[in-house]
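K.L.:
would you be able to build a 3D model of this:
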Amino acid sequence: MTGSENPGPEHDPSRCPLCGGPNHCQQCTQDPYKGPCWCFRETIPEALLALVPVPLRKAACICQACLRAFHDATRPEPPVVVPMPGDFYWENGRVVFTEAYLRRRGLCCRNGCRHCPYGYKAPRHDPSPSPCPGTTL
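P.N.:
Residues are numbered from 1 along each chain as shown. Here you go, the predicted model:
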């Protein structure tokens with residue numbers, strides 16, 4: 001590091017260089033276990049890294065909230081695909097989209113659609129409602 005890149009004594013590596021909030025970096029904790037950090041599973045875009053002030057680059061981790069906000073702000077709006085007749089049917093009062101419609105829409109909504117062509121399987125839960133504790137049916 002050159003003298004101009006030194007973050008200085010006021011720099012706290014456990015704080016996000018963009019928002020100043022905690023970055024939850026596993027490598028910067030005081031804990032003895034320095035296992036893998038959350039960011040090892042993420043791809044940090046170069047455009048986001050370019051927003052970090054030069055003295056803090058490679059000296060502090062960006063937080064998950066800033067990464068999420070960047071992705072939300074730069075994600076292109078998906079095209080609006082209007083369902084046509086034959087793209088869905090009704091079952092027990094619910095709309096069920098066909099695989100053809102979901103493919104044409106071009107993205108997975110992660111709602112566990114019955115005909116999801118993207119392979120997402122929602123966690124299964126018991127469809128029968130259980131009564132609230134203390135009530136009798």
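K.L.:
past the biggest helix by length in the chain, which element shows up next along the chain?
P.N.:
Longest helix in the chain by number of residues (criterion: DSSP state H): helix 64-74. Going down the chain from helix 64-74, the next helix or strand is strand 88-91, by DSSP states H and E.
K.L.:
please save the CA atoms from that following strand in PDB.
P.N.:
The C-alpha coordinates for strand 88-91 follow below in PDB (Å, rounded to 0.1, in the frame of the first residue of the first chain):
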ATOM      1  CA  PHE A  88     -53.300 -20.500 -16.900                       C
ATOM      2  CA  TYR A  89     -56.200 -22.400 -15.300                       C
ATOM      3  CA  TRP A  90     -58.200 -22.200 -12.100                       C
ATOM      4  CA  GLU A  91     -57.800 -24.900  -9.400                       C
END
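K.L.:
show me what it is packed against.
P.N.:
strand 94-97 (3 or more C-beta pairs under 8 Å, 6 or more residues apart in numbering; DSSP states H and E). C-beta coordinates here come from the backbone N, C-alpha and C atoms, glycine included.
K.L.:
which other helices and strands contact the strand it packs on?
P.N.:
Secondary elements touching strand 94-97 (3+ C-beta pairs under 8 Å, 6+ apart): strand 88-91.
K.L.:
just the terminal-to-terminal distance for stretch 44-63.
P.N.:
11 Å (C-alpha to C-alpha, to the nearest Å).
K.L.:
okay, buried residues for it please.
P.N.:
L48, V52, L56, A59, A60, C61, I62, C63 (16 or more other C-beta atoms under 10 Å).
K.L.:
filter the residues you listed down to the ones in helices?
P.N.:
Using DSSP H, the buried residues of stretch 44-63 in helices are L48.
K.L.:
adding distance to G86, write the buried residues of stretch 44-63 out as CSV.
P.N.:
Shown next, in CSV, are those (distance: C-beta to C-beta, whole Å):
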residue, distance to G86
L48, 42
V52, 50
L56, 55
A59, 57
A60, 53
C61, 49
I62, 45
C63, 46
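K.L.:
farthest-apart pair in the buried residues of stretch 44-63, please.
P.N.:
Spanning the widest gap among the buried residues of stretch 44-63 are L48 and A59, at 15.7 Å by C-beta to C-beta.
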